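K.L.:
Sequence plus predicted model, see below.
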Amino acid sequence: MKILVRTLSHGIGHQIIDAWHAYVQHLNNYSNDTEYVITNDNVTAKDDDYNLSILLGYLGDQITDEMVTTYDIVLICNGGEPIMVASPAIKEFLNYKNVFLVTNSYLTQDHPLKNKVVWFPHNVQTCRDYWTRHFYPQYFDLQNLKKNKKTDPVFYINGANRSHRQLFIDHLQDLKLDIKIQNSITSQIVEIGESQWESVEDSEFRHWVNQKYNSVLPENCDNPYSDNSLSVGINEKFGKVLPGYVHLPLYFENFCVIFPESNWQNNELCITEKSLKCFYAETLPLPVSGANVNKLYNDLGFYTAWNLNTFQCAKTTSTVYSEWDSWFFEHYKNTKIYDCWHKGIEYIESHVDQRYLKYTFDNQFDGFIGMINGHFYLN
């Protein structure tokens, strides 16, 4: 098999090709006799020259309609960003059947772009490199901060302030909860921009919340976030690291961290350093975003604080403890969260007739016995 790969500009596309090569090796006992022709030159793919031709582009730059019709597959890299930052030009290109968007957006099954995106969570790899490889200073930060003891229940960290984030802060403050709020990066409230694939509900919310805070999208503004990048390695051998990838002690001192996701639309998850910081710090994340954000986390094998409200609800009445809830039983003992949950279980056990209760071999209450059309009566 002979494959032509033409690169217009650098992006994540090459890593997709590398992943494909490795997958073929996996299927064929580590063998892959595919011949690749990888070039930046203007090569025209002919049917008799190649079995497959692939065009790699970055943000839609330099891509033309003629190119799209010339190649079998066109991968447009979105710079590791969610689909909300995709341009109108990219939206037009995606109308072609052979064009796909490489993006950090993980989508629900019913999302209109579900079959048009190649999900590539680059932040998972980026954070892994920064936090587990010893030539990055964050590696040593992580080892040191893991010695901290968790003493506080929860805090909220904001980042760059946008209108939907300010809305949530106002809700928290109105509830007068004992939750610390860190919102020190900027005082300016910036509007949330339009996405090319908004639902009706998304659009209505965006217009409403931007008007509520009279926020604007400035044409030119200073960007202290990028300007404060950290140099890594001798003579910047390993480049620069944005300050958002630096660990904060608060993640290691609290049991739960509330944070706004980068994207605010329904049915879309963009994994960033915000949630990954929680997982590395063994802290429970509570993401604030559009509908189904927690479901998308769960689909990927992650649990968040939202699961504490629902993880017992999806099971039958015949089971209290199960192996897929070990993350809770093992890591949250001797915490207020666990104590509140356990008191609820104890209340049920003490107020239901023992004839209807089921116990484990070590005499631990484990739910109700199986019954057909049964009723349980509280004392």
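P.N.:
Yep, that arrived. Numbering: from 1, shown residues only.
K.L.:
per-residue confidence averaged over the one helix or strand residue 144 maps to?
P.N.:
Using DSSP states H and E, residue 144 maps to helix 137-145. Averaged across helix 137-145, pLDDT comes to 95.
K.L.:
From the contact counts, what lies against the helix or strand that that helix is followed by?
P.N.:
Where DSSP H and E defines the elements, the next helix or strand beyond helix 137-145 is strand 152-157. Under the contact criterion of 3 or more C-beta pairs under 8 Å, 6 or more residues apart in numbering; DSSP states H and E, strand 152-157 touches strand 180-182, helix 250-253, strand 254-260. Yep, even glycine has a C-beta here, placed from its N, CA and C like the rest.
K.L.:
list the buried ones in strand 152-157?
P.N.:
Neighbour-count burial for strand 152-157 flags 154-157 (criterion: 16 or more other C-beta atoms under 10 Å).
K.L.:
do stretch 177-185 as well
P.N.:
Under the neighbour-count criterion of 16+ other C-beta under 10 Å, stretch 177-185 has residue 179 buried.
K.L.:
now for the helix holding residue 144, which elements pack on it?
P.N.:
Using 3+ C-beta pairs under 8 Å, 6+ apart: helix 137-145 touches helix 122-132.
K.L.:
by contact count, what packs against the helix it packs on?
P.N.:
Partner elements for helix 122-132 (3+ C-beta pairs under 8 Å, 6+ apart): helix 137-145, helix 273-280.
K.L.:
Now render those as CSV, adding mean neighbour count and distance to residue 87.
P.N.:
What follows is the helices and strands packed on helix 122-132, written out as CSV (neighbours: other C-beta atoms under 10 Å; distance: least, C-beta to C-beta, whole Å):
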stretch, mean neighbour count, distance to residue 87
helix 137-145, 15, 32
helix 273-280, 21, 24
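K.L.:
right, so of those helices, which gets closest to residue 104?
P.N.:
Proximity of those to residue 104 was assessed by C-beta to C-beta; the nearest stretch is helix 273-280, lying at 11.7 Å.
K.L.:
Could you tell me which strands sit next to the helix or strand following the closest one in the sheet, and their orientation?
P.N.:
Following helix 273-280 in sequence order, the next helix or strand is strand 284-288 (DSSP H and E). Applying DSSP bridges, strand 284-288 is found paired with strand 254-260 (parallel).
K.L.:
From the recorded domain assignment, give the ranges for the protein.
P.N.:
If you go by automatic domain parsing, the domain ranges for the chain are 2-120, 123-304, 311-368.
K.L.:
how long is the second one end to end?
P.N.:
Domain 123-304 stretches 18 Å from its first residue to its last (C-alpha to C-alpha, to the nearest Å).
K.L.:
Now do the contacts for residue 73.
P.N.:
Residues near residue 73 by C-beta atoms under 8 Å, 6 or more residues apart in numbering: 52-55, 98, 100.
K.L.:
Please disregard the earlier target; I meant residue 199.
P.N.:
Residues counted as contacts of residue 199 (C-beta under 8 Å, 6+ apart) are 265-267.
K.L.:
Name the nearest of those relative to residue 244.
P.N.:
residue 265 (20.8 Å).
K.L.:
quick one: secondary structure of that closest one?
P.N.:
Here residue 265 is recorded as coil under DSSP: H, G, I helix; E, B strand; the rest coil.
K.L.:
hmm, back to that, which of the helices and strands packed on helix 122-132 sits closest to residue 301?
P.N.:
Closest approach to residue 301 among these is made by helix 273-280 (10.8 Å; C-beta to C-beta).
K.L.:
Who's the closest spatial neighbour of the spatially most central residue of the chain, skipping the chain neighbours?
P.N.:
Centroid check for the chain by C-alpha atoms, centre = their mean gives residue 271 as the closest residue, at 2.1 Å. What sits nearest to residue 271 in space, not counting adjacent residues and going by C-beta to C-beta, 6 or more residues apart in numbering, is residue 121, at 4.8 Å.
K.L.:
list the contacts for the closest residue to residue 96 other than its chain neighbours?
P.N.:
Spatial nearest neighbour of residue 96, excluding adjacent residues (C-beta to C-beta, 6+ apart): residue 68 at 5.1 Å. Contact partners of residue 68, counting by C-beta under 8 Å, 6+ apart, are 55, 74, 93, 96, 98-99.
K.L.:
how near is residue 68 to residue 90?
P.N.:
According to C-beta to C-beta, to the nearest Å, residue 68 stands 12 Å off from residue 90.
K.L.:
And residue 257, by the same measure?
P.N.:
Distance, residue 257 to residue 90, using C-beta to C-beta: 33 Å.
K.L.:
out of these two, which sits in the more crowded spot?
P.N.:
Higher neighbour count among residue 257 and residue 90: residue 257, with 24 against 20, using other C-beta atoms under 10 Å.
K.L.:
Can you give me the end-to-end span of stretch 237-250?
P.N.:
Terminal residues of stretch 237-250 are spaced 30 Å apart (C-alpha to C-alpha).
K.L.:
how about the strands in the stretch 251-379 of the chain?
P.N.:
254-260, 268-270, 284-288, 357-359, 365-368 (DSSP state E, counting those that start in this stretch).
K.L.:
Give me the helices and strands touching the fourth one, please.
P.N.:
Contacting strand 357-359 under the criterion 3+ C-beta pairs under 8 Å, 6+ apart are the following elements: strand 365-368.
K.L.:
Partner strands of the strand it packs on and their direction?
P.N.:
Sheet pairing of strand 365-368 (DSSP bridges) gives strand 357-359 (antiparallel).
K.L.:
Average pLDDT for the strand it pairs with, rounded please.
P.N.:
Strand 357-359 shows a mean pLDDT of 84.
K.L.:
which residues touch it?
P.N.:
With C-beta under 8 Å, 6+ apart as the test, strand 357-359 has contacts from 318, 349, 365-369.
K.L.:
try 6 Å
P.N.:
Strand 357-359 is touched from outside by 365-367, 369, with contacts defined as C-beta atoms under 6 Å, 6 or more residues apart in numbering.
K.L.:
Neighbour-wise, give me the winner out of those.
P.N.:
Busiest of the contacts of strand 357-359 [other C-beta under 10 Å] is residue 367, holding 21 neighbours.
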